[in-house]
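Trainee: my questions concern the predicted model and sequence given below.
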Amino acid sequence: MGKAIEMAQVAKSYDGKPALKEISFEVREGSCFGLLGPNGAGKSTSMKILSGLLEPDRGSVSVFGRDVRKSAREIRQQIGYVPQGITLYEKLSAFDNLAFFGEMYGVRGSALKRRIGEVLEQVGLADRAKDAVEKFSGGMKRRVNLAAALLHRPKLIIMDEPTVGIDPQSRNHIFEMIRSLQQGGVTVLYSTHYMEEVETLCDELAIIDHGEVIAKGELGEVLDRFGMQAVYLELQEGGALPPVPSGFGKPAPRERGWVLETPSPLDALTAWASACKARSLKVKQLEIVRPSLESVFLSLTGTTLRDN
Ligand SMILES: Nc1ncnc2c1ncn2[C@@H]1O[C@H](COP(=O)(O)OP(=O)(O)OP(=O)(O)O)[C@@H](O)[C@H]1O
């Protein structure tokens, strides 16, 4: 498989302040690639450069093997860019908003009408085509924006934090849409500061922090390389504090139980089991769990992504 995106040593400053310091990453054709990082890390800047909306100061950027600067027009036809902000006409219906975007992309007439029906179906809003966008929730507006980026059947979709501040139903629709796009061979570049989203959706990722790539690769590879295994404990009577196994750190709450990150999970599991037994606590679940991106970020930066 070829490369959908190749960014090499890309740097960008705003008013002398570096936002990207020599960013390099590659996205395989057909993959769902997560660009993960805290606010201000440089995700939007990278995406705007890739979409040809912003010029880098240095470095090279190519999309499907073509230089973004030299082939800007052709590349724009292959990219569907979904910005962070909503860009819709509130008074117009979802259909009319999409008709406007479609014409901008050069889709017209009955082909456009048909295509609008298809993309509204894809984002789960086919039954709301005629309603004015001003009546929509934030999540529904975001979905119309996503639909707009699909009208010209791009081979690469670039989405800048599409799930920030939206309802769970819209989030699920977006996830389903991404999965079906990927099944249809479309490459997806997805930025977020939610690690769980990357874990659920993406097969490759780059973690960026302060304008630098601090880890990249296949999801499983990054987790194995930088993450730490953990032991998960859930007790039968919810709410009780778990015993702390001696010789290990303090467990942290997760879901309905607690989790203990450790380089020696089998020893931790055994020690935790003995500590529970000694206190006659009824264990509902005790198991070794695979590393999370949370532990990857922590081990690479010394801070949790949530704290940022
Ligand atoms: N137009 C601009 N002018 C000046 N500084 C900017 C501009 N756009 C972004 N920056 C700065 O560049 C850095 C990277 O910002 P960028 O928006 O790319 O990050 P991000 O990871 O997308 O974060 P966010 O989720 O907050 O958008 C930040 O320090 C930001 O303040």
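Mentor: Nice, I can see it. Numbering: from 1, shown residues only.
Trainee: where along the stretch 1-150 of the chain do the helices fall?
Mentor: Secondary structure of the stretch 1-150 of the chain by DSSP state H, counting those that start in this stretch: the helices cover 43-50, 72-78, 94-104, 109-122, 138-150.
Trainee: okay, how far is it across stretch 118-134, tip to tip?
Mentor: End-to-end distance of stretch 118-134 (Cα to Cα, to the nearest Å): 22 Å.
Trainee: buried residues in that stretch?
Mentor: Burial within stretch 118-134, assessed by neighbour count using 16 or more other Cβ atoms under 10 Å, is assigned to Val119, Leu120, Gln122, Val123, Gly124, Leu125, Arg128, Ala129, Val133. In short, each C-beta sits where N, CA and C put it, glycine included.
Trainee: how about stretch 136-145?
Mentor: Phe136, Gly139, Met140, Lys141, Arg142, Arg143, Val144, Asn145.
Trainee: if we can go back for a sec, out of the helices of the stretch 1-150 of the chain, which gets nearest to Tyr194?
Mentor: Closest approach to Tyr194 among these is made by helix 43-50 (12.1 Å; Cβ to Cβ).
Trainee: quick check: mean pLDDT across that closest one?
Mentor: In this model, helix 43-50 carries a mean pLDDT of 95.
Trainee: is it positioned near the ligand?
Mentor: Yes. Residues of helix 43-50 contacting the ligand under Cβ under 6 Å from any ligand atom: Lys43, Ser44, Thr45.
Trainee: just these now: which is nearest Arg108?
Mentor: For the residues of helix 43-50 next to the ligand, the nearest to Arg108 is Ser44 (31.2 Å; Cβ to Cβ).
Trainee: list the contacts of the closest one.
Mentor: Gln84, Asp160, Glu161, Ser191 (Cβ atoms under 8 Å, 6 or more residues apart in numbering).
Trainee: would you show me how to pick out the buried ones of the residues you listed in PyMOL?
Mentor: Command for PyMOL that selects the buried part of those, burial taken from 16+ other Cβ under 10 Å:
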select buried, resi 160+161+191
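Trainee: so of the contacts of Ser44, which ones are in strands?
Mentor: Counting by DSSP state E, the contacts of Ser44 place Asp160, Ser191 in strands.
Trainee: so which of the contacts of Ser44 are also by the ligand?
Mentor: Answer for the contacts of Ser44 near the ligand (Cβ under 6 Å from any ligand atom): Glu161.
Trainee: of the contacts of Ser44, the lowest pLDDT goes to which?
Mentor: Within the contacts of Ser44, Gln84 has the lowest pLDDT, namely 87.
Trainee: any idea what the nearest residue in space to that one that is not next to it in sequence is bridged to?
Mentor: Of all residues not flanking Gln84 in the chain, Asp160 sits nearest, at 4.4 Å (Cβ to Cβ, 6 or more residues apart in numbering). Legend: beta-bridge partners of Asp160 under DSSP bridges are Ser191.
Trainee: quick check, Asp160 in contact with Val82.
Mentor: Yes. With contact defined as Cβ atoms under 8 Å, Asp160 reaches Val82; the gap is 6.4 Å.
Trainee: re the thing from before, which of the contacts of Ser44 sit farthest apart?
Mentor: Gln84 and Ser191 (8.7 Å).
Trainee: list residues touching both of those two?
Mentor: Ser44, Asp160, Glu161.
Trainee: so which of those is the closest to the ligand?
Mentor: The shortest approach to the ligand among the shared contacts of Gln84 and Ser191 belongs to Ser44, at 3.2 Å (Cβ to the nearest ligand atom).
Trainee: and that closest one, how far from Ala273?
Mentor: 47 Å (Cβ to Cβ, to the nearest Å).
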